[in-house]
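Peer 1: starting from these lines, generate the structure:
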Amino acid sequence: MEPSHKDAETAAAAAAVAAVAAADRGTSSSSGVVVQVREKKGPLRAAIPYMPFPVAVICLFLNTFVPGLGTFVSAFTVLCGARTDLPDRHVCCVFWLNIAAALIQMLTAIVMVGWIMSIFWGMDMVILAISQGYKEQGIPQQL
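Peer 2: Okay, the predicted model is just below:
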């Protein structure tokens, strides 16, 4: 009689539990392995500017109550020299990417998608502002 697919899954799950238990006891054979994860950002997400913290909070506030307005305001910070994760793109291209994101948020706010996207966009602005502050002060970041 051949083992079924469920038996194989059960055996794999049991092996995983045993490995975790062994790791808890400190008998792991893979000690010293470091795994680094990097987030791959799309062009719209990478176009969010690194702004000063107060400006980012204002943009979050605007995005919360008028979807896309904070993103629209943040587009102009790019023209004022705010850095983005798109260093190889021209400033005008990044500006228009932010304007496009603002328009998407405004147009889809009717079905709540744009409003939710707008709030998350504002939260990303604040997170980027905090991470920029940590980098400027030389503090290791643990977000």
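Peer 1: give me the residues contacting the helix or strand in which A56 is found.
Peer 2: A56 is part of helix 53-65 when elements are defined by DSSP states H and E. Helix 53-65 is contacted from outside by 51, 69-71, 73-74, 77, 105, 118-119, 121-123, 125-126, 128-130, 133, using Cβ atoms under 8 Å, 6 or more residues apart in numbering. For the C-beta atoms, the positions are set from N, CA and C on the backbone; glycine is no exception.
Peer 1: among the residues you listed, name the buried ones.
Peer 2: Neighbour counting by 16 or more other Cβ atoms under 10 Å classes 51, 69-71, 73-74, 77, 105, 118-119, 121-122, 125-126, 128-129 among the contacts of helix 53-65 as buried.
Peer 1: what residues are up against the most centrally placed residue in the chain?
Peer 2: With distances taken as Cα atoms, centre = their mean, D124 lies nearest the centre of the chain, 6.3 Å away. Residues near D124 by Cβ under 8 Å, 6+ apart: R45, I48.
Peer 1: now do 6 Å
Peer 2: I48 (Cβ atoms under 6 Å, 6 or more residues apart in numbering).
Peer 1: all good on my end, thank you.
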